[in-house]
Structure formats: C-alpha cells, structure tokens
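Engineer: Predicted structure and sequence below. I'll ask about it afterward.
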Amino acid sequence: VNPAVSSNNVVLDTGDGGTAIGNCIVDFGAGPKGICAFYGGSGALAGFSAIVQVTVDAKQIWHWDGSYAIAK
C-alpha cells in the first residue's frame, strides 16, 4: 500500500436531490494528480457519467479536466 495514493468514493450533489456517484484516485507524491470516474446518478444527474483528470496548480487550486455525458 502506497500512503501517498488515495482512493475514495465520491458524491456530486446538486443541492436539490440530484446526485452522481464515482471514485477518485489521487497520487499525492506525483504533483498531486489523479483521475475521477463517475458512473451513475439520480434526479437532475440521472444518467450522468464522466472521466476527469485531477491536477493542482502552483497556487494550490484543484482542477478537473475531462468530459461528461448525461444519458436520457
């Protein structure tokens, strides 16, 4: 087990009952950088899926870059 790597389940919440679930893996020894994948949702996020790259800039601001889709 690498203590510099974190893998966590995550929930995006719209605040009005919409949620999307996924998992993020971040390597804190490499930048930090990582990837998040979302694969299900409810309410306004029903059918939501996404894969995003996670990075942190020099000002310690986290960025998510990738694409998403909402299947109807």
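Structural biologist: Structure received. The structure presented is a predicted model; accordingly, all values stated were derived computationally and were not measured. Numbering: from 1, shown residues only.
Engineer: Tell me the bridge partners for residue 55.
Structural biologist: Beta-bridge pairing for residue 55 (DSSP bridges): residue 33, residue 63.
Engineer: neighbours of it, just the number please.
Structural biologist: 15 (other C-beta atoms under 10 Å). For every residue, glycine as well, the C-beta is placed using N, CA and C.
Engineer: From residue 35, how far out is it?
Structural biologist: 10 Å (C-beta to C-beta, to the nearest Å).
Engineer: Kindly report the same for residue 50.
Structural biologist: Distance from residue 50 to residue 35, by C-beta to C-beta: 11 Å.
Engineer: Neighbour count: those two, which is higher?
Structural biologist: Neighbour count, other C-beta under 10 Å: between residue 50 and residue 35, residue 50 has more, with 19 against 15.
Engineer: so what pLDDT did the more buried one get?
Structural biologist: pLDDT recorded at residue 50 is 96.
Engineer: ok, now residue 1?
Structural biologist: On the pLDDT scale, residue 1 is placed at 63.
Engineer: quick one: residue 69 from residue 24, how far?
Structural biologist: 18 Å.
Engineer: center of the protein - which residue?
Structural biologist: The centre of the chain sits closest to residue 36, judged by C-alpha atoms, centre = their mean, with a distance of 3.7 Å.
Engineer: That one belongs to a helix?
Structural biologist: No: under DSSP: H, G, I helix; E, B strand; the rest coil, residue 36 sits outside any helix and is assigned strand.
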